[in-house]
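Asks: Sequence first, predicted model second:
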Amino acid sequence: MSQKPNPFADEYKEAADKSGGFKNIGDAVGMPDKEDWQNIVRIISITRKATTKKYGFDILIDCIANARKERADSGYKYGELTKEFGLVNKESNMRHVMELPQEYMYAIEKAYPIMFTNKEHFAWFCQNFKELLISGRY
């Protein structure tokens with residue numbers, strides 16, 4: 001049983017060979033740029049209109065406001081690091097950085113599949129969409 005040729009895999013392998021290899025798929029894709037930022041702004045805008053029409057209120061604003069309120073209500077019980085960086089708890093290095101409704105996550109991931117799974121891409125997203133952060137700091 002023979003496999004069909006896969007142009008993406010061939011291009012990826014060729015680019016990896018030329019550059020000496022990639023650590024992860026994010027290296028192969030490259031970092032987002034101004035055009036990507038504009039596309040994500042459009043995705044968010046279109047999704048806001050659609051979800052506001054569907055639910056009768058802006059679920060993005062509601063979701064972020066609720067997450068910020070929960071964070072403030074927690075009293076930053078794990079100290080300054082939690083207050084400043086949003087650590088989940090004092091034993092964890094996990095941070096609660098943002099809270100987005102599923103519709104937004106799906107819409108962005110459809111166009112940018114590694115945006116929330118690749119560390120460098122996620123950092124770029126947080127730095128370029130600070131208004132979506134819970135703590136306002138990444």
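Replies: Alright, I've got the coordinates.
Asks: and residue 70, how many neighbours?
Replies: Residue 70 is flanked by 12 other residues according to other Cβ atoms under 10 Å. All C-beta spots, glycine's among them, are computed from the backbone N, C-alpha and C.
Asks: Can you give me the distance of it to residue 99?
Replies: Distance of residue 70 to residue 99, given as Cβ to Cβ, to the nearest Å: 9 Å.
Asks: do the same with residue 56
Replies: Plainly put, residue 56 is 20 Å away from residue 99 if you go by Cβ to Cβ.
Asks: and if you look at residue 52?
Replies: To residue 99, residue 52 is 18 Å away according to Cβ to Cβ.
Asks: Which one of the two is surrounded by more residues?
Replies: Higher neighbour count among residue 52 and residue 99: residue 99, with 17 against 14, using other Cβ under 10 Å.
Asks: Contacts only, for that one.
Replies: Residue 99 sits next to 63, 64, 66, 67, 134 when contact means Cβ atoms under 8 Å, 6 or more residues apart in numbering.
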